[in-house]
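Student: sharing a sequence plus its predicted fold:
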Amino acid sequence: MTQSAADETRTAVRQHYGKVAQNSGARGCAPGCCGSTDPSSSRALGYSAEELELAPEGANLGLGCGNPHAIASLGEGETVLDLGSGGGFDCFLASKRVGEKGRVIGVDMTPEMVTKARTNAGKVGASNVEFRLGEIEHLPLADASVDVVLSNCVINLSPSKAEVFREAFRVLRAGGRLAISDVVATRAIPAHLRSTELSLASCVGGAIEVGELEGMLSSAGFSEIRLTPRPESRAFIEQWLPGSGAEDYIVSATIEAKKPAGAQSCCGPACCTPGARQQ
């Protein structure tokens, strides 16, 4: 993909989710928006009733495709980064698990989402959570500064997924881990589901196949890579672009990987950005 095309994709996605953030009902045409944001929908993604009660009202926009917390095993005092943090839902859940000694950082490229998340944080006085405006391909974090990277159905939206994984590797401490829910392609996605802004924003058009995703993770330096498809996700994916047959080409999956103990964070021209030294 050319730089111009990548920029166009980011702009389209940013505009789309900006509208979602400004709509209190989270209606648009993104995951959860074409369905519902009621608790039963979030339960279908894998969240428990207890988890749904932990976040402030307005944080759960129903935009995910799974529950990354189910594989994250967050511990007291850890520093957690959420890629594409949206209204802050997964950040607020993480903040409860890492406690007062821990820290949670959400990064989102949509100004309206960052504003919404910060407002939500103020509702509950979440002092161990912060939200930063930035692209997940160019993270505004220092090298080796976090223990866990979370993400929920966001990396598929990026036109530069390999760069996202290189950045995740850079900001993770040695021994740190990825805990991601996202969609993967089960076979080649037809052109009509790849070529429209709606299909991209609906987490369909940007999905890549498992082998390609594993290759990107490995090339970034990750080890212990494990991708686990969730066949039951077909039921809610069918609601994202009704009548399109998207559920025949993609599936939700959990993605786990680790930064090897003793590994150094890359900070060469290929993977270090001007904002990389920010604390």
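Tutor: Everything's here; your move. Numbers count the residues shown, from 1 in each chain.

Student: going forward, measure contacts between C-alpha atoms and count neighbours the same way
Tutor: OK.

Student: show me which residues of the lengthiest helix in the chain are buried.
Tutor: In the chain, with assignment by DSSP state H, the single longest helix is helix 3-22. Within helix 3-22, the residues that count as buried by 16 or more other CA atoms under 10 Å are 9, 10, 12, 13, 14, 15, 16, 17, 18, 19, 20, 21.

Student: could you list the alpha-carbon positions for it in CSV?
Tutor: Extracted in CSV, the C-alpha atoms of helix 3-22 (Å, rounded to 0.1, in the frame of the first residue of the first chain):
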residue,chain,number,x,y,z
GLN,A,3,1.8,6.1,1.7
SER,A,4,-1.0,8.1,0.1
ALA,A,5,-3.4,5.2,0.3
ALA,A,6,-2.5,4.5,3.9
ASP,A,7,-3.1,8.1,4.8
GLU,A,8,-6.5,8.0,3.1
THR,A,9,-7.4,4.8,5.0
ARG,A,10,-6.5,6.4,8.4
THR,A,11,-8.4,9.5,7.6
ALA,A,12,-11.5,7.5,6.6
VAL,A,13,-11.3,5.4,9.8
ARG,A,14,-10.6,8.5,12.0
GLN,A,15,-13.6,10.3,10.6
HIS,A,16,-15.9,7.3,11.0
TYR,A,17,-15.0,6.7,14.6
GLY,A,18,-15.1,10.4,15.4
LYS,A,19,-18.8,10.3,14.4
VAL,A,20,-19.3,7.2,16.6
ALA,A,21,-17.7,8.9,19.6
GLN,A,22,-20.0,11.9,19.2
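
Student: quick revisit: could I get the buried residues of helix 3-22 as JSON lines with distance to residue 74 and pLDDT?
Tutor: Below are these laid out as JSON lines (distance: CA to CA, whole Å; pLDDT from 0 to 100):
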{"residue": "9", "distance to residue 74": "33", "pLDDT": "82"}
{"residue": "10", "distance to residue 74": "30", "pLDDT": "86"}
{"residue": "12", "distance to residue 74": "33", "pLDDT": "83"}
{"residue": "13", "distance to residue 74": "30", "pLDDT": "89"}
{"residue": "14", "distance to residue 74": "29", "pLDDT": "88"}
{"residue": "15", "distance to residue 74": "32", "pLDDT": "86"}
{"residue": "16", "distance to residue 74": "31", "pLDDT": "84"}
{"residue": "17", "distance to residue 74": "28", "pLDDT": "88"}
{"residue": "18", "distance to residue 74": "30", "pLDDT": "89"}
{"residue": "19", "distance to residue 74": "32", "pLDDT": "88"}
{"residue": "20", "distance to residue 74": "29", "pLDDT": "87"}
{"residue": "21", "distance to residue 74": "27", "pLDDT": "88"}
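
Student: any idea which strand is longest in this structure?
Tutor: strand 172-185 (DSSP state E).

Student: which helices and strands does that one pack with?
Tutor: Counting by 3 or more CA pairs under 8 Å, 6 or more residues apart in numbering; DSSP states H and E, the packing neighbours recorded for strand 172-185 are helix 69-72, strand 146-152, strand 250-258.

Student: so residue 164, which state does it fall into?
Tutor: At residue 164 the chain is in helix, as set by DSSP: H, G, I helix; E, B strand; the rest coil.

Student: can you get me a residue count around residue 83?
Tutor: Residue 83: 28 surrounding residues under other CA atoms under 10 Å.

Student: what do you get for residue 259?
Tutor: Applying other CA under 10 Å, I find that residue 259 has 26 neighbouring residues.

Student: same question for the one 3 residues further on.
Tutor: Summarising burial for residue 262: neighbours were counted as other CA under 10 Å, giving 9.
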